[in-house]
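Enquirer: below are the sequence and a predicted model for it; my questions follow.
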Amino acid sequence: MATYALGFRVKSGHAIAVALAGDVTSPAPLARAVIALSDPAIDATKQPYHAGFGEEQTDAPTIARLTKIVERCAARSIDELLKTDRLTGHSCRGAALVVGSVIDPRQVGNPHIRAHAHEGRLFRTVLEDALRANRVDCRILVEKTLAAAAAKELGRRTGDITRMVGAFGRTLEGPWRAEEKAAATAAWIALV
């Protein structure tokens, strides 16, 4: 059975996913998708820790209700991703999630920035939980250290990695922006 690895660039309310097939020496792009981590019919699920522009949500029942919806959306989206035609019949070796930060929200003094930190942790956690529920091992990578981590783990120069990841976009449908490139780099690391 052919194997693949998944890489995700986690954002508020969604994630960009890229699947790479093969092995670490010669990965091949398999699929690209946008994964819903929020409910498009409930706008507040995109930023459940915000109570309005620049304001932190402090109502615990509201946060709990929105968090449950986010958990359901993430679980459903990952289940659907793993059942897509491009991935069916292949075995997932693992996943890597690229995030903006892993800071503890309690350490953030500014209420608005703290809300963003809570959301970053929430979307990272629900995605990780959904993957693990499908027996996919995953790890977390911080975006600002991604290039150095890739060079070290893949044993290649940063420029070589950048060129190869850029070329992946020519074979997959959809845009190939920084988010897709970060997800592809993470997937490549997950092949190790």
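Expert: All right, it came through fine. Numbers count the residues shown, from 1 in each chain.
Enquirer: now the element after the helix or strand where Val34 lies, going C-ward?
Expert: Assigned by DSSP states H and E, Val34 belongs to strand 28-36. For strand 28-36, the succeeding helix or strand toward the C-terminus, using DSSP H and E, is strand 50-52.
Enquirer: show me which residues of that following strand are buried.
Expert: Buried residues in strand 50-52, counted by 16 or more other Cβ atoms under 10 Å: 50-51. Quick note: C-beta positions are derived from backbone N, CA and C, even for glycine.
Enquirer: list the helices and strands the helix or strand just after that strand packs on?
Expert: Sequence-wise, the next helix or strand downstream of strand 50-52 (DSSP H and E) is strand 55-56. Here strand 55-56 touches helix 111-133, going by 3 or more Cβ pairs under 8 Å, 6 or more residues apart in numbering; DSSP states H and E.
Enquirer: what distance separates the helix or strand that the helix it packs on is followed by from the centre of its chain?
Expert: The helix or strand immediately downstream of helix 111-133 is strand 138-142, counting by DSSP H and E. Relative to the centre of its chain, strand 138-142 is centred 9 Å away, using Cα atoms, centre = their mean, to the nearest Å.
Enquirer: for the most far-flung residue of the chain relative to its centre, give its distance to Leu66.
Expert: In terms of distance from the mean C-alpha position of the chain, Asp59 ranks first, at 27.2 Å (Cα atoms, centre = their mean). Per Cβ to Cβ, to the nearest Å, Asp59 is found 10 Å from Leu66.
Enquirer: hey, what's in contact with both of the two?
Expert: Counting by Cβ atoms under 8 Å, 6 or more residues apart in numbering, Asp59 and Leu66 have no shared contacts at all.
Enquirer: how about the contacts made by the residue farthest from the centre of the chain?
Expert: Contacts of Asp59 by Cβ under 8 Å, 6+ apart are Ala51.
Enquirer: and for Ala96?
Expert: By Cβ under 8 Å, 6+ apart, Ala96 lies in contact with 5-8, 138-141, 186-187, 189-190.
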